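Chemist: After the sequence you'll find the predicted model.
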Amino acid sequence: MMKPIIHLIAAFTATLCIATFFTSTLLVELFGTHETIAVVKNLIVMPGLFILIPAMAITGATGVALSKVKSGKIVKKKLKRMPFIAANGLLVLLPAAIMLDLWAASGLFDSRFYIVQGIELMAGAVNLTLMSLNIRDGFKVSGKLRK
Ligand code: HEM
């Protein structure tokens, strides 16, 4: 069956995207200038979101498809995490990434920018945690990790 490998690649692509956005944001906020912050915020939207959004959609779709073939307690836990990952991504991370890019491009680094930046980092950490748990549980289900 082809699906687990597609699920695996999409899941790692999506998780790596979030981890990269998180780390590069933290580093450029700490050590960068307004100009380099604007570059990173722009790269996160394009090509970042252009890679992340399809990867996340494929991960969810193939995950749900796999759950029809393989079920059980661990799969149920993974399925339960997915709406939180999706809501956090679409309602917090996506609008935040777009707003921060627009504001940074216009040089608007006021308190509003840093409040949204803080919220984005927290939401990113939450999704990174939930996705890591899904990777761990995925390897448990596929037998690549001891239960
Ligand atoms: C961000 C979300 C997710 C991540 C990061 C993720 C990650 C993974 C990983 C790394 C594997 C191991 C694949 C392999 O060993 O080849 C896996 C397997 C699996 N995942 Fe997910 N997953 C996610 C969402 C879901 C969802 C929503 C479901 C639905 C319940 C799901 C169901 C499964 C199943 C059933 C397997 C076992 C595949 C098999 O061995 O046949 N996953 N997942």
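Modeler: Structure's in. What do you need?
Chemist: where's the spatially most central residue of the chain, which helix or strand?
Modeler: What sits nearest the mean C-alpha location of the chain, by Cα atoms, centre = their mean, is I18, with 3.8 Å. In this assignment (DSSP states H and E), I18 forms part of helix 3-31.
Chemist: Can you name every helix or strand that that helix contacts?
Modeler: Other helices and strands packing on helix 3-31, by 3 or more Cβ pairs under 8 Å, 6 or more residues apart in numbering; DSSP states H and E, are helix 34-43, helix 50-69, helix 111-142. Just so you know, the C-beta spots here come from the backbone N, C-alpha and C atoms, and that holds for glycine as well.
Chemist: Which positions within it qualify as buried?
Modeler: Applying a neighbour-count criterion of 16 or more other Cβ atoms under 10 Å, one finds 4, 6-8, 10-11, 13-15, 17-18, 21-22, 24-25, 28-29 buried in helix 3-31.
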